[in-house]
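Engineer: Need the 3D shape of this:
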Amino acid sequence: MRILVVEDEPHTQRFLRAALTASGYEVLDSATGKEALVLVAEWAPDIVVLDLGLPDMDGKKLIRKIRASSPVPIIVVSARDSEAEKILTLDTGANDYLEKPFVIGEFLARVRSALRNVAQDRMIQAGGLVIDTKTRSVEKDGAAVKLTRTEYKLLVALARQAGQPLGHEEILKALWGARRPEDVGHLRVVVRQLRLKIEDDPSEPRMLMTAPGIGYVFIGTKP
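Structural biologist: As a prediction, the model looks like this:
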């Protein structure tokens, strides 16, 4: 399992890295929010451990930016101990909040708990498709399907909420974050490419459906 530690205090960074590495996890460090965003996108960690006091942005702002494109579990470790701060941080999108100083045993227990949830959400089965979100692999009727990063993100975003229409704006944000294109034509191109790869007949889609006036909806089983 991959864990990204976002912490600018060198001693704490070394402490967390040592504890996580000794427990068998693969660890990368980041001291800034900007670098963390790049690593979340490119390295695809299973968990993000985040200190709120970063030199280039507040941790809550970073959480919002991560949440714009990724559901990765976020465990906050912070010296900020006010109840209001904890509530706001969790409402912003963090999954857990651990106040500094903390006992390493409790920290590792919370990591294990988060990873159990990740494992439960790893496999998505929808109709003839099997999506493994850990390996980022997709199979259709037992055969591998090669998708681009954007096609894969679109498929997962829709398949996680099968049967529920997602609006154009929500999908654009999930695919491209804050730098999303304004023209939904970009999205239509990706949808068309994805249909070519997962539909039996792309001209008459039965899984990735258009929701008129809203956006798109993924039907989990072929009618």
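Engineer: which residues touch residue 174?
Structural biologist: 68, 69, 153, 154, 157, 166 (C-beta atoms under 8 Å, 6 or more residues apart in numbering). C-beta here means a position set from N, CA and C on the backbone, and glycine is covered the same way.
Engineer: Quick one: mark the members of those residues that sit in helices.
Structural biologist: Using DSSP state H, 153, 154, 157 are the members of the contacts of residue 174 that sit in helices.
Engineer: Any idea how many residues pack against the second one?
Structural biologist: What it means is residue 154. As a burial measure, residue 154 scores 24 neighbours (other C-beta atoms under 10 Å).
Engineer: just the one 5 residues further on next, same as before
Structural biologist: With neighbours defined by other C-beta under 10 Å, the count for residue 159 comes to 21.
Engineer: got a list of what residue 133 touches?
Structural biologist: Contact partners of residue 133, counting by C-beta under 8 Å, 6+ apart, are 121, 122, 123, 124, 156.
Engineer: Let me know the pLDDT of the third one.
Structural biologist: According to the per-residue confidence, residue 123 scores 76 in pLDDT.
Engineer: That one contacts residue 131, doesn't it?
Structural biologist: Yes - counting by C-beta atoms under 8 Å, residue 123 touches residue 131, with 7.2 Å between them.
Engineer: neighbour count winner among the two?
Structural biologist: Neighbour totals were compared for residue 123 and residue 131, and residue 131 leads with 21 against 11 (other C-beta under 10 Å).
Engineer: Which strands or helices does the worst-scoring helix or strand of the chain on mean pLDDT pack on?
Structural biologist: For the chain, the helix or strand with the lowest mean confidence is strand 123-126, at a mean of 78 (criterion: mean pLDDT, DSSP states H and E). Packing partners of strand 123-126 (3 or more C-beta pairs under 8 Å, 6 or more residues apart in numbering; DSSP states H and E): strand 129-132, helix 149-159.
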